[in-house]
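Give me a model of this one.
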Amino acid sequence: MDNHKNYFHLHLISDSTGETLIAAGRAAAAQFQTYHALEHVYPLIRNRKQLMQVLESIDTAPGIVLYTIVDRELSDIINAQCQQIGVPCVSVLEPIIDLFQTYLGTSSRRRSGAQHVMDADYFARIDALNFTMDHDDGQLPADFNDADVVLIGISRTSKTPTSIYLANRGIRTANIPIVPGVPLPERLLEATKPLVVCLIATADRVSQVREHRVLGTTHGFHGQDYTDRAAIAEELKYARALCARNNWPIIDVTRRSIEETAAAIVALRPRLR
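The predicted structure is shown next:
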C-alpha cells in the first residue's frame, strides 16, 4: 500500500483569531487524502503593513490562500497580490455575508472578530468550562443535577476531552468513570436535569489507548488487567448493562472524532443546540 502524500502550502489570513479559517481549511483539505496541507496561519491582520509582510511570506511559499478579512481595502490587496503572484485565493466569509445581505435586505457591519464579543454567551461558556473542570472524573457529585450533560464510561473512552469540547459550546458537563464493582454516585441516579450518556469503544481500541497512557490512580484497576482485552470486554459488558437498567443512551466513539461525538450528544438533546 502506497502511503506517500504530496504536500502543498495552505495560507490562512484572518483579521481575528483564525479559528473559522482553520476549521474551513482543514475540512476542505480532509477531502484530499493523498495530499497534506502545510498550514501557515496569520491571525489578527488588520492593517496594510501587517498584510504586506504576510504576502511576502506567501510569495516565498506559494500555495492556496484562504482569508477572512472584512476590510474591503485589505481584501482587494489580497486579491490583487495573489493574482500577481499567481496563486488562488478565496474569501471564506464573503459569499456567506453576501447571501445574508441579500436575504435580510441590509448591509453587514464589517466588524473584525464580531463572533468573539464578551457577551452573555461568552460568559456562559466560561461558566460551563469552570463547571466542567470542577466536575471531571466524578468530582463534586453533589452538583450533578446542575449539569446539562453527564458523560459516563469506562476508562479511556474520551470522556474528559468530549466534556471540555461541550463546555466550549456552553454546555455544563460532568463526567464519571464506570468501574465494575464500584457503584455510581447516588446523586447521579437521583438527578433529573442532565442528559446522561455513556461512551464506549471496542475492547481493541480501549486496550490500544490504555497501552499508550500511563495508568493513573483510577480506583479498581490493577496492572495487566487494565490493558487485557478480555477484562476490558467485561467492563464494557458491565457498562452496557448499567445503561440498559437506567435507559441511558450509548455512543460508540471507536471511529468518531471528539467533534463528532459531541455533535451526537447534542443531537440527543435538541434544546442544547
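
just how off-centre is stretch 95-105 within its chain?
28 Å (Cα atoms, centre = their mean, to the nearest Å).

With stretch 68-76 instead?
With Cα atoms, centre = their mean as the basis, stretch 68-76 stands 28 Å off its chain's centre.

contacts for that stretch?
13-16, 18, 20-21, 45-48, 51, 67, 78, 91-94, 108, 110-112 (Cβ atoms under 8 Å, 6 or more residues apart in numbering). For the C-beta atoms, the positions are set from N, CA and C on the backbone; glycine is no exception.

try it again with 10 Å
Outside of stretch 68-76, the residues within contact range by Cβ atoms under 10 Å, 6 or more residues apart in numbering are 12-21, 24, 45-48, 50-51, 67, 77-78, 89, 91-94, 97, 108-114.

Filter these down to just the buried residues.
12-16, 18, 20-21, 24, 45-46, 51, 67, 77-78, 89, 91-93 (16 or more other Cβ atoms under 10 Å).

just the strands in this protein please.
For the chain, applying DSSP state E gives strands covering 6-14, 35-42, 63-68, 89-91, 149-153, 173-177, 195-200, 250-252.

could you dump these to a markdown table with distance to residue 161?
Shown next, in a markdown table, are the strands of the chain (distance: least, Cβ to Cβ, whole Å):
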| stretch | distance to residue 161 |
| --- | --- |
| strand 6-14 | 24 |
| strand 35-42 | 21 |
| strand 63-68 | 27 |
| strand 89-91 | 31 |
| strand 149-153 | 10 |
| strand 173-177 | 10 |
| strand 195-200 | 11 |
| strand 250-252 | 14 |
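
Out of these, which gets nearest to residue 232?
Ranking the strands of the chain by distance to residue 232, with Cβ to Cβ as the measure, places strand 195-200 first at 10.4 Å.

Strand 173-177 and that closest one, what's the angle between them?
40 degrees (axes from the mean of the first three to the mean of the last three Cα atoms, to 10 degrees).

what's the angle from strand 195-200 to strand 149-153?
Using the same axes, to 10 degrees, strand 195-200 lies at 30 degrees relative to strand 149-153.

how far does strand 195-200 sit from the chain's center?
How far strand 195-200 lies from its chain's middle: 18 Å, per Cα atoms, centre = their mean.

just stretch 17-25 next, same as before
With Cα atoms, centre = their mean, you get 12 Å for stretch 17-25.

can you check stretch 146-164 too?
Centre to centre, stretch against its chain (Cα atoms, centre = their mean), the figure for stretch 146-164 is 14 Å.

How about stretch 75-95?
For stretch 75-95, the distance to the chain centre is 29 Å (Cα atoms, centre = their mean).

ok, which stretches of the stretch 101-250 of the chain are helices?
Applying DSSP state H, counting those that start in this stretch to the stretch 101-250 of the chain gives helices spanning 120-134, 159-168, 186-190, 203-211, 229-246.

closest to residue 129 out of the strands of the chain?
Closest among those, using Cβ to Cβ: strand 173-177, at 9.5 Å.

The closest one: partners in the sheet, and parallel or antiparallel?
Strand pairing for strand 173-177, determined by DSSP bridges: strand 149-153 (parallel).
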